[in-house]
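Asks: Give me the fold of what follows.
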Amino acid sequence: MKLANFSYAGRRSLGRVEGDKVVDLAAALGLASVEGLLAADALGRARRAGGTTIPLADVILHSPVARPAKFFAIAANYQSHIDEVLAYNPTYVPPVFQRWFAKLPSCVNDPFAPILMPPEVADLDYEAELAIVIGRRARRVRAEDAYRVVAGYTVCNDVSARDWQKRSPTIMLGKSFDSHGPLGPWLVTPDEVGDPHALRVTCTVNGEVRQDGSTAEMIHDCWDQIAYLSTVCTLEPGDVIATGTPKGTGAGLKPPRLLGVGDVVRCTVERIGSIEAMVVAEQVA
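Replies: The predicted structure follows:
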């Protein structure tokens, strides 16, 4: 099942995507967003509910989670990405344990909305990633049970201001500018995705393939990530976990090929979908 937050005729709603149509579920469920659906533990009801059918081409898709309470992202979780970082930064020390950072919730962006190029940023980069959306409260979950707390999966572009990323050991600020957390185009439930560790992950810039990897390359798989994070804090419905990126980032290419105004970035995860955005200059008053 694919679940989406969308707008149609000036109204935001919750829908189930079926081919080239969206079934508006708001009236039947009394819920207006995917976040509300997860909080109400109503995925089963969403499968059965009916509603008005709208052509997918006529709606505006929003991030499937507009403001997650927590937006985690793991660093250096693909060996190919570690290798490319070492190539341009020989002093880089790969992590021994899982290395996590937060993307602030205000960075979340719609799947096809522009990515802002702030005037303060010189080195803007992309990272195509599989993202997990948590479906139920979880603390100290064992890796073998972690799949039980997953509501579904979505596509993430972990947009990165590399220059700001280098300014602080936590890298959080360089990962959290407004619009630098596109998610979407919808949430896909686990039964439709299958094994999350066998998905192709790609990124193109202006139609040119930059990243082409597989989630099979993860050093720490999805279940280990959930187990690790839930040791520290309670994971809640709607929390987002970005699971890492393969090689091919702009900073890792020789010579580096970072993003500029006018570039179009498309991130795709197999069996989930694609998100696409143009980089535009942020207008500052």
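
Asks: Name the nearest residue to L3, ignoring sequence neighbours.
Replies: L187 (4.7 Å; CB to CB, 6 or more residues apart in numbering). C-beta here means a position set from N, CA and C on the backbone, and glycine is covered the same way.

Asks: separation between the residue sitting nearest the centre point of the chain and L29?
Replies: The centre of the chain sits closest to C156, judged by CA atoms, centre = their mean, with a distance of 2.3 Å. With the distance defined as CB to CB, to the nearest Å, C156 ends up 26 Å from L29.

Asks: Domain map for the chain?
Replies: Taking automatic domain parsing as the criterion, the chain consists of the domains 2-62, 71-281.

Asks: Turn the ones you listed into TSV, including mean pLDDT.
Replies: Rendered in TSV, the data for the domains of the chain read as follows (pLDDT from 0 to 100):
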stretch	mean pLDDT
domain 2-62	97
domain 71-281	97
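
Asks: quick one, which of these is packed in tightest?
Replies: For these, the largest average neighbour count (mean count of other CB atoms under 10 Å) is found in domain 71-281, namely a mean of 19.

Asks: Tell me how far that one lies from the chain's centre.
Replies: A distance of 6 Å separates the centroid of the chain from that of domain 71-281, by CA atoms, centre = their mean, to the nearest Å.

Asks: And the helices in the stretch 1-150 of the chain?
Replies: Along the stretch 1-150 of the chain, counting by DSSP state H, counting those that start in this stretch, helices occupy 26-29, 34-39, 43-48, 79-88.

Asks: Which of the ones you listed sits closest to L259?
Replies: Closest approach to L259 among these (CB to CB): helix 79-88, 16.5 Å.

Asks: name the helices or strands packed onto that closest one?
Replies: Using 3 or more CB pairs under 8 Å, 6 or more residues apart in numbering; DSSP states H and E, no helix or strand is in contact with helix 79-88.

Asks: Give me the contacts around it.
Replies: By CB atoms under 8 Å, 6 or more residues apart in numbering, the surrounding residues in contact with helix 79-88 are 76, 92, 94, 213, 217, 219, 244-249, 251-252, 254, 256.

Asks: Hmm, A131 and the residue nearest to the centre of the chain touching each other?
Replies: Yes - between C156 and A131 there is a contact at 3.9 Å, judged by CB atoms under 8 Å.
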